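**Q** Here's my sequence, what's the structure:
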Amino acid sequence: MSVLKKYLPPRAVEYCSELVMHYKLHLHIEVERQDRLGDYSPHLGKGNRISINHNLNPFDFLITFIHELAHHVAYKRFGDKHQPHGMEWKEAYKDCMRPFLMRNIFPSDIAAPLTKHMQYPRYTHTTDVNLMKSLMQYDLEKKILLEQLPRGATFKLRKNSKIILRKGEQVKDYFLCSDLTKGTTYKVFSVAKIFPEPTSKT
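**A** Predicted coordinates:
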């Protein structure tokens, strides 16, 4: 509990601690990973490993924990005979999330889009624009989002990246962005956290 207090909303600490002990989970706090917020690995006879990035705000950390816990619950129910984010996992995710929603652990501005998201949960909550906008309000370090930049502005997806992109037209929840070096076009999520660059004439 002393460790979880650093990362979770206060009202979720005791229940999450109980879940970790009940399922005999090995919870690892990781440095930021660009390609994931957390992951789950079953280890037969050695417990089951969940890892979560250390720099998530408490509510984002909690949702990621529940997401990974659902992988373990699905594994216990079906072994490896199910798709990682298929129907079995979706049902386990709903089952794991329900007690947290019933206990009103999430503030109302997160609970509303989260409840809607859980009707048809996706492989990651980071693709849900409304939910991500609500979660970002609780980030300690405020970031600039791609949707806030004017069209034609240049930016990086990582602070130290050598790749500079130019924002183009919007297609649903994404923007078409061109790599100024290679000329390649990418779809970048509208609420991606970005680092603006001085406008280039390239």
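**Q** For residue 121, see how far away the spatially closest residue to residue 186 that is not a sequence neighbour is.
**A** Counting by C-beta to C-beta, 6 or more residues apart in numbering, residue 186 lies nearest to residue 177, which is 5.3 Å off, once chain neighbours are set aside. C-betas here are computed from N, CA, C, even on glycine. According to C-beta to C-beta, to the nearest Å, residue 177 and residue 121 sit 27 Å apart.
**Q** What of residue 115?
**A** Distance, residue 115 to residue 121, using C-beta to C-beta: 11 Å.
**Q** Those two: which has the busier surroundings?
**A** For residue 115 versus residue 121, the count of surrounding residues by other C-beta atoms under 10 Å is larger for residue 121: 19 against 13.
**Q** what residues does the lengthiest helix in the chain touch?
**A** The helix spanning the most residues in the chain, taking DSSP state H as the definition, is helix 58-78. With C-beta atoms under 8 Å, 6 or more residues apart in numbering as the test, helix 58-78 has contacts from 7-9, 12, 16, 19, 23, 25, 27, 37-40, 42, 48, 50-53, 56, 82, 84, 88-89, 91-93, 95-97, 100, 105-107, 110, 114, 124-125, 135, 138.
**Q** Go through those and flag which are in strands.
**A** 25, 27, 38, 39, 40, 42, 48, 50, 51, 52, 53 (DSSP state E).
**Q** Can you tell me the number of residues neighbouring the nearest residue in space to the fifth one that is not next to it in sequence?
**A** This points to residue 40. The shortest distance from residue 40 to any non-neighbouring residue, by C-beta to C-beta, 6+ apart, is to residue 71 (3.9 Å). Neighbourhood size, residue 71 [other C-beta under 10 Å]: 23.
**Q** so how far is residue 33 from residue 119?
**A** Taking C-beta to C-beta, one finds residue 119 at 28 Å from residue 33.
**Q** Please say which of the two ends up with more neighbours.
**A** residue 33 (13 against 7).
**Q** need the contact list for that one.
**A** So residue 33 contacts residue 53 (C-beta under 8 Å, 6+ apart).
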